[in-house]
Each structure stands twice: as C-alpha cells, then as structure tokens.
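1. A structural model of the following input is requested.
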Amino acid sequence: MNIIEHAWEYLKHRVHMREPHPRNLKELWEAIQDEWSKLDLELLQKWYESMPARIAAPKKAQGGYTKY
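-> Next comes the predicted model:
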C-alpha cells in the first residue's frame, strides 16, 4: 500500500531491463542510483494522489483483497 513499494518495484524492473546487466555490487549500486535519478516526478505524484483510495480500500474490502 505504501508508495515506496511501487518505487522499489519500478527500480527493480528498470535495473533488470538494463543492458548489459550489472555484474557486481558496484555496478548494481550505480544502476540503482542512475534509475532513481530518472524516476519521473509525475509518476511519484500519481502514486501520492492515489493514497486516499489506497487507505480506503482495505476498509471497503473489510480486510479482504484489494488491488493495492
């Protein structure tokens, strides 16, 4: 439900799509930093604006499954 979870998933996907793949921890860290710097602020804003719906969803689902 937390927007940082979406950011981590986004970063994981972006780093995985890089060619060539990072070969060691130094290259992985550099790739993560590079992709983080490219993170679209509009995407972050979209995730932020979805928070009221994210908070309401578990209550509406009475603790059941939500899309978040």
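2. what stretches of the protein score poorly on pLDDT?
-> 1, 68 (pLDDT under 70).
3. gap between the residue lying farthest from the centre of it and residue 36?
-> Within the chain, residue 62 marks the point farthest from the mean C-alpha position, 25.5 Å out by C-alpha atoms, centre = their mean. Plainly put, residue 62 is 37 Å away from residue 36 if you go by C-beta to C-beta, to the nearest Å. Any C-beta I mention is one placed from the backbone N, CA and C, and that applies to glycine too.
4. Please apply the same query to residue 30.
-> Using C-beta to C-beta, residue 30 is found at 11 Å from residue 36.
5. follow-up on the earlier one: quick check: phi and psi at the residue farthest from the centre of the chain.
-> phi 50, psi 40 (degrees, to the nearest 10).
6. for it, what are its contacts?
-> Listed by C-beta atoms under 8 Å, 6 or more residues apart in numbering, the contact set of residue 62 is empty.
7. That one and residue 41, how far apart?
-> Going from residue 62 to residue 41 by C-beta to C-beta gives 35 Å.
8. Show me where the protein has its helices.
-> Counting by DSSP state H, one finds helices in the chain at the ranges 3-17, 25-37, 41-49, 51-60.
9. what's the second one packed up against?
-> I take that to be helix 25-37. For helix 25-37, the packing partners by 3 or more C-beta pairs under 8 Å, 6 or more residues apart in numbering; DSSP states H and E come out as helix 3-17.
10. Now find how far off-centre the helix it packs on is within its chain.
-> Relative to its chain's centre, helix 3-17 lies at 4 Å (C-alpha atoms, centre = their mean, to the nearest Å).
11. Please point out which parts of it sit buried.
-> For helix 3-17, burial by neighbour count (16 or more other C-beta atoms under 10 Å) applies to 3, 6, 10, 11, 14, 15.
12. Pretty sure the first one sits against residue 45.
-> No: with contact defined as C-beta atoms under 8 Å, residue 3 does not reach residue 45; the gap is 10.0 Å.
13. could you list every residue that touches residue 36?
-> Going by C-beta under 8 Å, 6+ apart, residue 36 touches residue 11.
14. Distance of the residue farthest from the centre of the chain relative to residue 11?
-> According to C-beta to C-beta, residue 62 and residue 11 sit 33 Å apart.
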